[in-house]
Each structure stands twice: as structure tokens, then as C-alpha cells.
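Engineer: here is my input, please return the structure:
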Amino acid sequence: MTAAVHYAIAPADPAAHLFHVTVSVEEPEPSGQRFMLPAWNPGSYMIREFARHVVRITALAGERKLRVRKLDKHTWLCDPSDGPITLAYEVYARDHSVRAAYLDQTQAFFNGACVFLLPLGCEHAPCQVDILPPSARLMSTPWRVITGLKPARGTRRLGFGTYLAANYEALIDCPVQMGHFGLAAFDVHGTPHDIAITGAVPKLDLKRLAADLKRLCETQVALFEPKSKKAPFARYSFLTRATSQGYGGLEHRNSSALLCKRDDLPHLGLKDSTKAYRNFLGLVSHEYFHSWLVKRIRPAAFIPYQLDQENYTTLLWVFEGFTAYYDDLMLLRSGLISAAQYLEALTKTITYVTQRPARSKQSVAEASFDAWIKFYRADENAPNALVSYYQSGALVALALDLTIRARTAGKRSLDDVMRWLWRQHQDAGDHYPGLEEEGMLEAIEAATGLALAREVREWTQGTRLPAFAELFEPLGIEYKAQAALDDPAFAMLGIKTQRKKADLVIAAIYDDSPARRAGLAADDTLIALDQLRISAANLDTLLARYAPGDHVAIHVFRDDELLRLDVQLANKPPQRATLKLAEKPNKKTKALREAWLASKA
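Structural biologist: Residues are numbered from 1 along each chain as shown. The predicted model follows:
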């Protein structure tokens, strides 16, 4: 058995946002041991260069200091040693997102990919991590620890001490939250779950939160394991940080890191669910669904992860898009949102995708492949050039689900495809090869008996959108598109705006829009419309006075120069999707609809 790699991490200087980390190797490479820090974090597909946060690094072999030199942007080489070596280094941690690391006097959070150097050649070695507390003099009250790592013998759950991981990939797949946090526990078909909330949330209703998450998680487990109801992990933790502003999540094998606004969480006395709370539940649903789809059912391109470079796949429309489809659907099936709320969310997704000019230029497969250079680096031209594999992939999933249900008279659905993929993973065990780039075609036919290669290729490799009116008709749902006039700046001008202090600035301009034809540009500061001052509060009100096709004069500042531009407002405002349930569906239609919304297929 390969000797374990031993790590230790301490929040050494919270005020300076510095972790102190050590990594010890019992049997280093005789010619010199190389160490690498990942360039990206699985689940977040962009090269992030975590090595830039390593402040200083030293190496020791016993009492003897060894030279450490940099080989490239994220690899170090330690001089040869005939005995164990230890690297000691500091990591600067002030990233508020769920993707990296953060430390101050009140809390600490880190993903292993940001802080734990990998001794190359030890990828499969077991790992031990000593998670150490901050100095007692810096703490007003003791901190706790929550992580998906397994406590070693002698380490109490939620306590500081030694934790274990089977190998390096498992190590960096278990983020760690430290500090003061509210904690609620609940059981999901026999599997313990926790949710930890870090950050002040007045009158937080942890009891309701736990009850709602229990219903949601039970619904998802039952989707993949309708008979056994067995979760694919021994325990699961939701590591949640509540702030004044923030939203995001990152999935892991037995936990998820979540960031939300404190107003998103339920408070005591809240009877109905707010839109903000439903958005938070959708985030939880999305990351939890990833426990199966992407953390276990994976693209072949991710087996194994190449952590020093991009891992290209055209399948993010499946792994993120299908997850985006199921996140709200799982809320509906677990009773946390109504059918009307679900259909409203669905219409927003359809509208978002159909209104973006990029949909006719980039396929969702191309968007998946280009995620590394485009999705997380969206600029002012993104609406015209960038397709979201989340939303567009969700619509592919919707189209497939409704197509399968209609053509099999409700006997099969996309749920069967998900379960088929899950069985392939289970049957293969440690030899699971991952889903090949064309693998979804085989999965769909094997699970449903339908050959849908032509449709799938049109929707994913081409730019053709599904025929939504035809797809919804068998379920007694009427699909229409009507002029979207509720956002005049977008509908009449074709722009997105943002506030910059007291100014209202153009953030993006849509192709073939009145603003584009008139010569307006991103970063222009809007000043006046027909000689009336423009502000964030009144732009839509001013535009509402005009009819499509009218001419207006707009003044802007561009690089401090005042410009006057003549704009003809849109003759044909963009379309917005609407979905309406038939009032008197026939028995067949009603059965198909209920099976879709309640998963009774």
C-alpha cells in the first residue's frame, strides 16, 4: 500500500487572510519530488490559476532545508532527499465565492484544490489532513468544523482534528467550513444530512429549512433509486454561507458549497414561500442532483480529471443542462412549489433562450466545449455570441422528456434515461468509463426504445430550437409567444443597463436592435431621451410613452464626449413565451400531464 500523504492546515492569520499549510511525503521521488496545485476546480469549468495565491513556500527533510524551485505556473520541484520531506507554505484566502478559499476572524472556508499541493505520483495514495483551529486568543467563542471528509479515530464530528480521504481526488472533493454556524440535521431514507448556515440570519427558521430539504432530497433519491431509496453516500452536508449579496453553488460527492443572500432563507413566522426562498431551494436542488449527474455519472473526458489543464467535452448540455431542468421539476414533485410556479419558471427559461441572438450562431454542444474560455468570462457581447448550456440544455431535456412521454403514451420518460445512466455507473463500479460524446443517443434508445438521434443532433449540434407548441400540445398545455413589452429598455431599444454609482450605463446591446442600428455602444452613459434626463428609475417610464416605430433622440456620454443619436424604436418587440393549461383536457392528455408533473410515468 502506498504511504499516506499527510497534510495540515491552520487559519494562521485570519486578519491577513492567510492559511498555513504543510504537506509531508514519506517516500519522495529519488530524483526530486514535484508538487502541483490544480489550475481549476471540478464543477467550475475555467482555469483559475489557484497557484497565484501561494505566498511563500519552503521545504525540509528533517532539520535540513531543501531548495524548492518553480517549474511552471503551478508546479514546484523539491531537491532530492533520501527520507521524508515536508513542504510548508501560505495561501492567501479572500475569495467570497464557493470555488476557492476565504478566511477572516469570523469564519473560514476552502476547497482542497485551492490549498492542497499534490505530490505528483501520489494521486492514488490515501490522505490524512490535520484541520487545526485558529489561535485561542483570536477566538471569542470556539469554532466548529463541517466537511465531507471522514473523521479519523479520536476526532469528533464537527471538531478539529485528523480527517481522512481515500486519495487526492476525494480530498479536494470535500470542502471545509469552519467558524460559527447554525446547524440542522435531517434523515433521508436512512441517510443523515446536515445543513450549516454561516453568517448572521435573524430569526432563521432552521426547522422549516430542514423539513423542506428533507422532502426535496427524498424525492431526488427516489428518482434514481425508486426501490431501495438508497443514497450514493453515507452522509451529506450543505455548507451554506449567507451574506448581504451573493448567489452560487458548487457540487461535491457528499456535500455542496452554497452562497446566498440572508434574505433568501426562511425566517420564523414566514408562512408562504417567497420568490427568494424558492430560488434558494432551486439552488439546493441543482447541486444535490449533481450527486448523481456529474459527480458519479461523468463524461468520459473527466475520467480521470486532468487538473492542470482544460478537460474538453461537448456534453455540459447534459450534465449542467439536464440538472437545470430537474432542479425546479424536483421542487414541484416534492411539493415545494406549485404547478403554476413551475410553469412560470419554465416560461422564463424559454423566453431567455429564444430572445438571445446567440442561439442562431452557437450550438449548445459548441457552448459546452467553449465553456473554458467563454461562459465564465462573459462580456458585453455575450447575448449575441454566447449560448448558456444551462438554460439551453434544460430545454433539450424538456424536449426529450415530453417527446418520450408522448411517443410511448406515458410509459417511458427522461426519468428512465437517468436511471439507465445510473445503473451503468453502478454496474461498472471502479471501472466506470464515463459517458462518451455520443453516449446519450445510446442511453435514450436503451432506456426508452426510441431512436431520437436526429432530434438530439438538431437540438444540440445545430441551432434549431425544439417546436415547443407541438411538444406541449399532447399534455393539454398551450404555448404562445407574445410581444414582451414589460421591459421597455430591452423591448424598445434592445439594450441591457446597469447602474454605476449615479449613472445608468449600457451593459450590452443586442444584435439587429434599434440601439445597434443607431450606433449606441456598451459602456455609453445614458443622459437624456428627447431632452428629458434619464435615470435608472425613469427610463422604462419614459419609453412607455412611445409606440413601436417611433423616433427618439438619445444623448449619451462616451469617453466623456457628449453624443446625440437618433433611434427608431423597435417595430417588432422580442417575443415572450406563455404557457396555459387547457381548462378541460381529455383523459389521455390529463394523464400525460399529471405523469410529467408528478413523476407517475
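Engineer: domain boundaries for the protein, per the record?
Structural biologist: Following automatic domain parsing, one gets these domains for the chain: 5-178, 180-271, 292-471+582-601, 488-568.
Engineer: out of those domains, which gets nearest to residue 285?
Structural biologist: When the domains of the chain are compared for distance to residue 285 using C-beta to C-beta, the nearest one is domain 292-471+582-601, at 4.1 Å. For the C-beta atoms, the positions are set from N, CA and C on the backbone; glycine is no exception.
Engineer: surely residue 253 and residue 173 touch.
Structural biologist: Yes: counting by C-beta atoms under 8 Å, residue 253 sits close enough to residue 173 to count as a contact (5.0 Å).
Engineer: for residue 278, find the nearest of the domains of the chain.
Structural biologist: Between residue 278 and the domains of the chain, the shortest separation by C-beta to C-beta is 5.9 Å, and it involves domain 292-471+582-601.
Engineer: what's the burial count for residue 85?
Structural biologist: Residues near residue 85, counting by other C-beta atoms under 10 Å, number 26.
Engineer: check contacts around it.
Structural biologist: By C-beta atoms under 8 Å, 6 or more residues apart in numbering, the contact set of residue 85 is 24, 25, 28, 33, 59, 60, 61, 66, 78.
Engineer: now tabulate the domains of the chain in JSON lines and tack on mean pLDDT and distance to residue 281.
Structural biologist: Below are the domains of the chain laid out as JSON lines (pLDDT from 0 to 100; distance: least, C-beta to C-beta, whole Å):
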{"stretch": "domain 5-178", "mean pLDDT": "96", "distance to residue 281": "17"}
{"stretch": "domain 180-271", "mean pLDDT": "97", "distance to residue 281": "7"}
{"stretch": "domain 292-471+582-601", "mean pLDDT": "95", "distance to residue 281": "6"}
{"stretch": "domain 488-568", "mean pLDDT": "95", "distance to residue 281": "27"}
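Engineer: if we take the contacts of residue 85, which one ends up nearest to residue 338?
Structural biologist: Using C-beta to C-beta, residue 24 comes nearest to residue 338 of the contacts of residue 85, at 55.2 Å.
Engineer: centre of the chain to the helix or strand that contains the closest one, how far?
Structural biologist: Assigned by DSSP states H and E, residue 24 belongs to strand 18-25. What separates the centre of strand 18-25 from the centre of its chain is 29 Å, taken as C-alpha atoms, centre = their mean, to the nearest Å.
Engineer: for whichever helix or strand comes after it, packing partners?
Structural biologist: Using DSSP H and E, the helix or strand that follows strand 18-25 in sequence is strand 33-36. Using 3 or more C-beta pairs under 8 Å, 6 or more residues apart in numbering; DSSP states H and E, the elements in contact with strand 33-36 are strand 75-78, strand 118-119.
Engineer: closest one to residue 562 among the ones you listed?
Structural biologist: So among the helices and strands packed on strand 33-36, strand 75-78 is nearest, using C-beta to C-beta, at 52.5 Å.
Engineer: parallel or antiparallel, list what pairs with the closest one.
Structural biologist: When sheet partners are counted by DSSP bridges, strand 75-78 sits next to strand 33-36 (antiparallel), strand 68-72 (antiparallel).
Engineer: continuing past the longest helix seen in the chain, what's the next helix or strand?
Structural biologist: Longest helix in the chain, counting residues (DSSP state H): helix 206-224. Under the assignment DSSP H and E, the closest C-terminal helix or strand after helix 206-224 is strand 236-243.
Engineer: CA atoms only: put that following strand into CSV for me.
Structural biologist: Provided in CSV are the C-alpha atoms of strand 236-243 (Å, rounded to 0.1, in the frame of the first residue of the first chain):
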residue,chain,number,x,y,z
TYR,A,236,-24.4,14.6,3.1
SER,A,237,-23.7,18.2,4.2
PHE,A,238,-24.9,21.5,2.7
LEU,A,239,-22.2,24.1,3.6
THR,A,240,-24.1,27.4,3.3
ARG,A,241,-22.8,31.0,3.7
ALA,A,242,-25.4,33.7,4.0
THR,A,243,-24.2,37.2,3.0
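Engineer: about what we covered before: turn the domains of the chain into JSON lines, columns for distance to residue 286.
Structural biologist: Below are these laid out as JSON lines (distance: least, C-beta to C-beta, whole Å):
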{"stretch": "domain 5-178", "distance to residue 286": "11"}
{"stretch": "domain 180-271", "distance to residue 286": "6"}
{"stretch": "domain 292-471+582-601", "distance to residue 286": "4"}
{"stretch": "domain 488-568", "distance to residue 286": "24"}
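Engineer: nearest to residue 574, out of those?
Structural biologist: domain 292-471+582-601 (4.9 Å).
Engineer: how near is residue 68 to residue 402?
Structural biologist: 58 Å (C-beta to C-beta, to the nearest Å).
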